[in-house]
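Undergrad: Provide a 3D model corresponding to the input given below.
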Amino acid sequence: MACPAWAGESSTGARVRRLQRSSEARSPRRVCSLFSGGKDSTYALHWAVLKGFEVACLVTVKPRAEDSMMFHVPYVELARLQAEALGLPIVYYEQGSEDDVKALRRAVSAACEEYGCTSIVTGALKSDYQRLRVSIVAEELGLEVFNPLWRKNQEEYLRELVRQGFRFIVTSISAKGLSPDFLGRVIGVDDVEAIIELARRHGFNPAFEGGEAETLVVDAPLFRKVLMVEGHPVRVSEYNWAFKITKVELLDKYSSSLTASTVASSG
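TA: The predicted structure follows:
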């Protein structure tokens, strides 16, 4: 199974490009964007550009633990490809034996030293665990923190993502009631409504803030290239599924060979 790619640039994408160019000329707040490759951190990056911030770099931490409460786990290594798609530098840090705060501090410190960042942007939605630890690091380094998604209505946020041209796939599922059929395909308008209905019925967070699922962004308004992903679902336990990625390609976003109906399969 492969995720569809999308040809042509939306009006939102064109607007973001104009704002990105104008923000570079004005040199406003110089931010590092904490980036996992999932929908929330990608949207936070998008917000920063719309606000006219100068995004100096992405900061990605690959966690030591597979059940990390602080850092995104599935396929975080693909953040490097996404950074290339975005045309942004990335500070990629692999956590060692240090705790979450120290790992984040080292990654953000490296970003500050190399790119002169003065602020941090995060995609935190409801997790005080994440927000407070970012705040600790920011205070120690004298940085301002922006959490544009904090306490945002989860259902409206999910709808807004798709409306604004964010294309993401579900890479893992850990919630009763969430079908493995969602794995590996780009989530569209109908899928969003189905997820919201299932969340209401089964009591999980529709934006997956509780770890009910993880996502990978394959295209967004700021992307200059798209990720084409092939793979297949794997059952881990009764309510736990993963999308095993077998192939990833970074392709020209505006290639005539890419259409909304482009689908392949593997496995």
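
Undergrad: C-alpha only now, for contacts and for neighbours.
TA: Fine.

Undergrad: now Y115. Nearest residue, chain neighbours left out?
TA: In space, and not counting its chain neighbours, Y115 is closest to A56: 6.1 Å by CA to CA, 6 or more residues apart in numbering.

Undergrad: tell me which element the closest residue to P148 other than its chain neighbours is part of?
TA: In space, P148 comes closest to A44 once its chain neighbours are excluded; the distance is 6.3 Å by CA to CA, 6+ apart. Using DSSP states H and E, A44 sits within helix 39-50.

Undergrad: strands of the stretch 51-200 of the chain, start to end?
TA: In the stretch 51-200 of the chain, the strands defined using DSSP state E, counting those that start in this stretch lie at 54-62, 90-94, 119-121, 144-146, 167-174.

Undergrad: okay, helices next: where are they in the stretch 1-150 of the chain?
TA: 11-26, 39-50, 79-86, 100-115, 128-141 (DSSP state H, counting those that start in this stretch).

Undergrad: of those, which is nearest E249?
TA: Closest to E249 of these, according to CA to CA: helix 79-86, at 8.8 Å.

Undergrad: what is that closest one packed up against?
TA: strand 90-94, strand 225-235 (3 or more CA pairs under 8 Å, 6 or more residues apart in numbering; DSSP states H and E).

Undergrad: pull the first one out as CSV, backbone CA atoms only.
TA: Read it as strand 90-94. Only the C-alpha atoms of strand 90-94 are listed here, as CSV (Å, rounded to 0.1, in the frame of the first residue of the first chain):
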residue,chain,number,x,y,z
ILE,A,90,17.4,19.8,11.1
VAL,A,91,19.1,19.1,14.4
TYR,A,92,18.7,15.4,14.9
TYR,A,93,19.6,14.1,18.3
GLU,A,94,19.5,10.4,19.4
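
Undergrad: rewinding a little: list the contacts for the residue nearest to P148?
TA: S33, V121, T122, G123, N147, P148, L149 (CA atoms under 8 Å, 6 or more residues apart in numbering).

Undergrad: make JSON lines out of those residues and add pLDDT.
TA: JSON lines is the format used below for the contacts of A44 (pLDDT from 0 to 100):
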{"residue": "S33", "pLDDT": "96"}
{"residue": "V121", "pLDDT": "96"}
{"residue": "T122", "pLDDT": "94"}
{"residue": "G123", "pLDDT": "91"}
{"residue": "N147", "pLDDT": "94"}
{"residue": "P148", "pLDDT": "94"}
{"residue": "L149", "pLDDT": "94"}
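
Undergrad: JSON lines for the residues you listed, including neighbour count?
TA: Formatted as JSON lines, the contacts of A44 follow (neighbours: other CA atoms under 10 Å):
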{"residue": "S33", "neighbour count": "28"}
{"residue": "V121", "neighbour count": "25"}
{"residue": "T122", "neighbour count": "26"}
{"residue": "G123", "neighbour count": "25"}
{"residue": "N147", "neighbour count": "18"}
{"residue": "P148", "neighbour count": "19"}
{"residue": "L149", "neighbour count": "19"}
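
Undergrad: ok, the residues you listed vs R106, which is closest?
TA: Within the contacts of A44, the smallest distance to R106 is 14.6 Å, found for S33 (CA to CA).

Undergrad: so the closest one touches T118, yeah?
TA: No. Counting by CA atoms under 8 Å, T118 is not a contact partner of S33; they are 11.0 Å apart.

Undergrad: re the thing from before, just the contacts of A44 now: which is nearest D100?
TA: Taking the contacts of A44 together and measuring to D100 by CA to CA, the closest member is T122, at 15.3 Å.

Undergrad: with adjacent residues omitted, what lies nearest to F223?
TA: Using CA to CA, 6+ apart, the closest residue to F223 is L86 (4.6 Å).

Undergrad: sorry, wrong one. I was asking about E144.
TA: Per CA to CA, 6+ apart, closest to E144 is S119, 4.5 Å.
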